[in-house]
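Pasting the sequence and the predicted model now:
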Amino acid sequence: MKTIARCLSGGLSFGLLLLAKIAFSQTLTISCGAVGAELSLCKEAVSAWTKKTGHQVEVISTPNSSTERLALYQQIFSAKSSDIDVFQIDIIWPGLLANHLVDLSPYTKGVEKQHFPTLVENNTVSGKLVAMPWFVDTAFLYYRKDLLEKYNQPVPTTWQQLSDIGKTIQNQEHEKGNAQLWGYVWQGRAYEGLTCNALEWLSSYNGGSIVDNNGKITVNSKAAESALSLAGQWVGQISPPGVLNYTEEEARGVFQSGNAVFMRNWPYAWALAQGEESAIKGKVGIVALPKGGPEGKHASTLGGWQLAVSKYSKYPKLAADLTLFLTSYDIQKQRLLKGAFNPTIKSLYEDQEVIAAAPVAKTLVKSLEQSVARPSTATKSKYNQVSNLFFNAVHNVLAGKEAPKQALKKLEKKLKRIKRKKWN
């Protein structure tokens with residue numbers, strides 16, 4: 001009887017402990033992107049944190065378009081809503097959203113020193129660490145190794161070369177009945193992704209940025225005119241007319257189904273292109289984006305995403321713990337090996353398992369040295385307006401609505417009107 005009593009007592013104690021744990025368990029919400037394997041990897045990592053802490057997390061997917069996502073976030077912050085505790089934010093948003101975000105410094109215990117200093121600096125606004133780096137991006141040129149070999153063509157080093165090679169292979173494949181093949185796919189929709197593409201074109205032609213580091217408007221230049229003139233020729237020639245509505249996933253869909261020679265995209269597309277269900281598995285190469293010409297340079301827009309805690313969260317300490325877990329060494333390594341999301345922790349690039357499994361990581365380090373930053377720091381709170389004007393002007397050129405010279409001149413006037421005496 002005593003044994004039974006002890007068993008009942010033990011079972012009761014365990015039950016009480018379980019009830020206590022459930023009673024103290026909180027539920028957080030996190031917004032995650034859904035590009036490629038993003039959403040599934042986010043859910044996987046969140047499940048590991050739930051198992052570790054006993055707290056629950058609801059994962060909320062957000063629009064793939066960064067422009068649409070920002071609009072959604074601003075609406076949530078404007079309402080001071082506690083509906084989302086942890087936000088996945090773009091590299092260009094910390095300054096814009098800082099007033100709505102928690103300073104993570106009291107929770108990090110200095111772990112941010114493991115990350116690339118430039119990213120930590122980017123996420124520090126007025127001395128407050130408002131976001132933790134999660135993954136860093138820089139764009140690559142993806143190419144079909146098999147098609148270049150088939151037609152004895154080199155990997156292009158300039159945009160003009162890409163245009164010529166893409167057209168040559170596309171035309172010859174069309175003659176052989178492969179009418180669906182296009183020379184080049186990229187992100188041409190009027191959104192932030194087009195700002196990234198067009199900024200690369202300008203920089204590769206030595207045209208600088210839209211606004212320089214000192215806040216001077218520099219977009220109306222001969223180099224920018226040359227860059228946009230060539231890009232405008234791609235639509236309907238080596239790029240499908242529908243490219244004007246492509247984001248990252250539409251471009252990847254065409255390329256991964258075997259219907260494009262070249263593609264501009266972020267590193268995440270590498271793992272998917274090598275997946276078991278990919279039509280081009282083993283047929284893809286990656287290289288730096290082309291130069292604007294013999295005197296130009298390779299240029300890739302610096303991208304990436306961070307995790308930030310909402311100032312309106314009911315559980316800021318818990319949300320900070322989740323953020324630090326998701327941006328940790330082990331989780332970033334897992335995301336790299338499974339989804340090609342490149343780490344923000346420097347030491348991971350020396351990890352032998354990473355080196356063996358992810359050749360993209362080595363290429364990324366080189367590409368980071370050629371990266372060009374969007375002028376979000378120089379234009380401060382006006383960056384979103386600046387980018388909107390820029391990608392709409394570029395889109396008008398690509399759609400044949402305006403000549404490059406005319407579009408750039410009008411853009412310069414609009415930017416001056418926004419800036420006035422200074423950016424603020």
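Done, it's in.

and Leu364, what does it touch?
136, 138, 267, 342 (CB atoms under 8 Å, 6 or more residues apart in numbering). Placement of C-beta: from N, CA and C, glycine included.

Let me have these in a markdown table, extended by secondary structure, distance to Gln161 and neighbour count.
Formatted as a markdown table, these follow (DSSP: H, G, I helix; E, B strand; the rest coil; distance: CB to CB, whole Å; neighbours: other CB atoms under 10 Å):
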| residue | secondary structure | distance to Gln161 | neighbour count |
| --- | --- | --- | --- |
| Val136 | strand | 28 | 24 |
| Thr138 | strand | 21 | 27 |
| Pro267 | coil | 23 | 26 |
| Asn342 | strand | 27 | 28 |
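
which residue ranges form the helices in the stretch 101-250 of the chain?
In chain order, the stretch 101-250 of the chain shows helices spanning 105-108, 117-122, 145-150, 159-175, 192-204, 222-234, 248-256, with DSSP state H, counting those that start in this stretch as the criterion.

ok, back up a step: same list, the contacts of Leu364, but as TSV with pLDDT and distance to Leu199 please.
Listed next are the contacts of Leu364 as TSV, based on pLDDT from 0 to 100; distance: CB to CB, whole Å:
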residue	pLDDT	distance to Leu199
Val136	90	17
Thr138	87	12
Pro267	85	18
Asn342	86	19
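
Worst mean pLDDT among the helices of the stretch 101-250 of the chain?
Mean pLDDT values for the helices of the stretch 101-250 of the chain show the minimum at helix 117-122, a mean of 86.

What's the separation between Gly293 and Gly188?
22 Å (CB to CB, to the nearest Å).

before we move on, back to that, relative to Asn220, which of the contacts of Leu364 is nearest.
Closest approach between the contacts of Leu364 and Asn220, by CB to CB: Thr138, at 26.4 Å.

which residues touch the closest one?
When contacts are counted by CB under 8 Å, 6+ apart, Thr138 is found next to 266-267, 300-303, 364, 367-368, 370-371.

and if you look at Tyr315?
26, 28, 85.

Please, a PyMOL command that selects the buried ones among those residues?
Only the buried entries of those go into this PyMOL selection, using 16 or more other CB atoms under 10 Å:
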select buried, resi 28+85
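
lowest average confidence, helix or strand, in this protein?
Within the chain, confidence by mean pLDDT, DSSP states H and E is lowest for helix 2-24 among all helices and strands, at a mean of 47.

After that helix, which helix or strand is next?
strand 27-32 (DSSP states H and E).

helix or strand right after that following strand?
helix 38-53.

so that next one versus strand 27-32, what angle?
Between helix 38-53 and strand 27-32, the angle comes out at 150 degrees (axes from the mean of the first three to the mean of the last three CA atoms, to 10 degrees).

Show me which positions of helix 38-53 end up buried.
In helix 38-53, counting by 16+ other CB under 10 Å, buried: 38-39, 41-42, 45-46, 49-50, 53.

What is the most widely separated pair among those residues?
Glu38 and Thr53 (22.4 Å).

neighbour count winner among Gly293 and Gly188?
Gly188 (29 against 19; other CB atoms under 10 Å).

quick one: least confident of the contacts of Thr138?
Ranking these by pLDDT, Leu368 lands last with 70.

what about that one, how many residues close to it?
16.

what residue ranges in this structure are flagged as low confidence?
1-24, 359-360 (pLDDT under 70).

bridging residues for the residue nearest the centre of it?
The centroid of the chain falls nearest to Gly304 when counting by CA atoms, centre = their mean (4.5 Å). Counting by DSSP bridges, Gly304 forms beta bridges with Val136.

State the distance from it to Tyr268.
From Gly304 to Tyr268 the distance is 11 Å (CB to CB).

Report the set of residues contacting both of the two.
Joint contacts of Gly304 and Tyr268 (CB under 8 Å, 6+ apart) are Asp137.

pretty sure the residue nearest to the centre of the chain is touching Ile92, no?
No: in this structure, Gly304 is not within contact of Ile92 by CB atoms under 8 Å, at 9.6 Å.

Okay, strands next: where are they in the stretch 301-424 of the chain?
371-372 (DSSP state E, counting those that start in this stretch).

show me where it has helices.
Going by DSSP H, counting those that start in this stretch, the stretch 301-424 of the chain shows helices at 316-326, 329-339, 352-357, 359-368, 376-379, 383-398, 404-419.

Pretty sure Trp201 sits against Ser226.
No: counting by CB under 8 Å, Trp201 stays clear of Ser226, with 9.1 Å between them.

and those two? which has more neighbours close in?
Trp201 (23 against 20).

and the more buried one, how far is that from Gln170?
Taken as CB to CB, the span from Trp201 to Gln170 is 20 Å.
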